[in-house]
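Okay, sequence plus prediction incoming.
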Amino acid sequence: MATVASCGRDRPGEASFRGVALSAPLAKPAIRLTDFNGRPFDFVADTRDKVTLLFFGYTHCPDVCPLHMANIAAVLRTMPAEDRARVATVFVTTDPERDTPERMREWLANFDPSFVGLTGTKEELARAQASLGLAEAQREYVAADSASYFVAHAAQVFAFARDGYAYTIYPFGIRQEDWANDLPRLVRDATGVETRRALAAQARAGSLSTTPDEAAAVTMGGLVVTQAVVAEPASQDEAAAYLTIQNDTPQEDTLVAVAADLAVRAEVHETMGEGEMRHMMATPRLVLPARRVTKLAPGGTHVMLMQLRKPLKAGESVTLYLSLARAGALEVRATVVPYAELEKALGPGAEVRK
């Protein structure tokens, strides 16, 4: 997948894109699949001159897929009819066996009747994902019954502007207010010129920071995740993730939610007393003080990844999706390391209690 850059929040007198900016525009891929009415669907031709939101997911998804669809639908309802007609939302199933045309049509209609569902053979769907630099979605079984499974899939929405290029993507955790900020701007820009100009201005202003597409520091408007690791779990029920978050802004921020691509649930916990773990996410939320470094380390505050979708091995990576009250959605890839190497991986200042 292309290298991405994060878009900052609005500054006084300046309107900023809220999505995550691609370092290079991405042309619409030549995807040809079948829609939920049994008709051929040419992604390029059938969405020409429309802002096109493309998402790969499945209807049995417990959280990421319905949340994306619900947020987009809620914002579309607030837009004028003429603007809504310029937006095409295309949902490509990653679970064609269970996502029959009838189920997709009914499921998507619960959000917005204009949403289009696409399906195809396993090979066609794999090619469609590969055309965007995505790994093929994989089943993750949770029981001996072969009907009980999740699907590990990409969690971002690709937003193609009316000129046929994607300049921004929207990871899990993006909020309705972010869609409400960006969608009308994309609709108004028929040529892509204004979008490119705005993103370039954000880059010059320092609110657009390019980051490598690997486990490394990730920046969002002055808030930086400088370190992210997951301890290789001894069992495959759950794992712990540890982060170092540097808030260089003059205002405190708050971590309000966290998710992971390889876990059904992710929660912030704190180890208390003699190993007692206290759930922290509901109240209080995790505050990130202004101009301070917050360490989530063993023996203290950490992220628990629960109901893992697959065994985690050292050297692999897990994508974490952080939702911040001010900075918005933040995506970071954390490297899986053995517990024996955790202290070295976390570096100075991170106590590992044994």
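Everything's here; your move. Since this is a predicted model, take the numbers as computed values, not measurements.

When you work out contacts or count neighbours from here on, use the C-alpha atoms and nothing else.
Fine.

quick one, phi psi at the residue positioned nearest the centre of the chain?
Against the mean C-alpha coordinate of the chain, by CA atoms, centre = their mean, the closest residue is Pro171 at 2.5 Å. Backbone torsions of Pro171, given as degrees, to the nearest 10, read phi -70, psi 170.

Just give the closest residue to it, not the sequence neighbours.
Gln156 (4.0 Å; CA to CA, 6 or more residues apart in numbering).

Could you pull up the residues touching that neighbour?
Taking CA atoms under 8 Å, 6 or more residues apart in numbering, we find Gln156 in contact with 55, 169-172.

could I get these as TSV with pLDDT and secondary structure?
Shown next, in TSV, are the contacts of Gln156 (pLDDT from 0 to 100; DSSP: H, G, I helix; E, B strand; the rest coil):
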residue	pLDDT	secondary structure
Phe55	96	strand
Ile169	90	strand
Tyr170	90	strand
Pro171	84	coil
Phe172	78	coil
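
Help me confirm that the residue nearest to the centre of the chain comes into contact with Ser323.
No. Using CA atoms under 8 Å, Pro171 makes no contact with Ser323, being 10.1 Å away.

joint contacts of those two?
In contact with both Pro171 and Ser323: 329-330, using CA under 8 Å, 6+ apart.

Pull the number of nearby residues for Arg48.
17 (other CA atoms under 10 Å).

quick one: the helices in the chain?
43-46, 64-76, 81-84, 101-109, 122-130, 176-188, 193-205, 342-346 (DSSP state H).

what is the rounded mean pLDDT of the fourth one?
Per-region confidence: helix 101-109 scores 96 on mean pLDDT.

So which elements touch that helix?
The contact analysis (3 or more CA pairs under 8 Å, 6 or more residues apart in numbering; DSSP states H and E) places helix 101-109 against strand 116-119.

Contact partners for Thr59?
65-66, 93, 99, 103-104, 107.

6 Å instead, please
By CA atoms under 6 Å, 6 or more residues apart in numbering, the contact set of Thr59 is empty.

How far off centre is stretch 323-332?
A distance of 10 Å separates the centroid of the chain from that of stretch 323-332, by CA atoms, centre = their mean, to the nearest Å.

same question but for stretch 175-184, I mixed them up
15 Å.

cool, stretch 53-61 as well?
For stretch 53-61 - counting by CA atoms, centre = their mean - the centre lies 12 Å from the chain centre.

pLDDT value on the closest residue to Leu255 other than its chain neighbours, please?
In space, Leu255 comes closest to Leu324 once its chain neighbours are excluded; the distance is 4.6 Å by CA to CA, 6+ apart. On pLDDT, Leu324 comes in at 78.

who's in contact with Val230?
240-241, 335-336 are the contacts of Val230 under CA under 6 Å, 6+ apart.

Now tell me which helix or strand of the chain has the poorest mean pLDDT.
None of the helices or strands of the chain scores lower by mean pLDDT, DSSP states H and E than strand 208-211, at a mean of 38.

follow-up on the earlier one: ok, the residue nearest to Leu255 to Phe17 distance?
Distance, Leu324 to Phe17, using CA to CA, to the nearest Å: 16 Å.

who wins for proximity to Met306 among the helices of the chain?
helix 64-76 (15.5 Å; CA to CA).

one step back: the residue nearest to Leu255: neighbour count?
With other CA under 10 Å as criterion, Leu324 counts 22.

can you check Gly173 too?
Count around Gly173 with other CA under 10 Å applied: 23.

any idea how far Lys122 is from Ser131?
Ser131 is 14 Å from Lys122, by CA to CA.

Which positions are bridged to Ala241 in the beta structure?
Val230, Val303 (DSSP bridges).

Ala180 versus that one, what's the distance?
Counting by CA to CA, the gap from Ala241 to Ala180 is 32 Å.

so Val51 touches Val90, yeah?
No. Here Val51 lies out of contact with Val90, judged by CA atoms under 6 Å, at a distance of 10.7 Å.

Beta-bridge partners for the residue lying closest to Asp261 once chain neighbours are set aside, please?
Closest residue to Asp261 apart from its sequence neighbours, by CA to CA, 6+ apart: Thr319 at 5.6 Å. Counting by DSSP bridges, Thr319 is bridged to Arg333.

Tell me which residues touch Thr319, please.
260-261, 332-333.

try 8 Å this time
Contacts of Thr319 were listed using CA under 8 Å, 6+ apart, and they are 260-262, 331-334.

For those residues, please prepare JSON lines with the additional fields pLDDT, neighbour count and distance to Ala27.
Converted to JSON lines, these look like this (pLDDT from 0 to 100; neighbours: other CA atoms under 10 Å; distance: CA to CA, whole Å):
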{"residue": "Ala260", "pLDDT": "87", "neighbour count": "24", "distance to Ala27": "28"}
{"residue": "Asp261", "pLDDT": "87", "neighbour count": "22", "distance to Ala27": "25"}
{"residue": "Leu262", "pLDDT": "88", "neighbour count": "23", "distance to Ala27": "28"}
{"residue": "Glu331", "pLDDT": "81", "neighbour count": "24", "distance to Ala27": "23"}
{"residue": "Val332", "pLDDT": "87", "neighbour count": "24", "distance to Ala27": "24"}
{"residue": "Arg333", "pLDDT": "88", "neighbour count": "24", "distance to Ala27": "25"}
{"residue": "Ala334", "pLDDT": "92", "neighbour count": "24", "distance to Ala27": "29"}
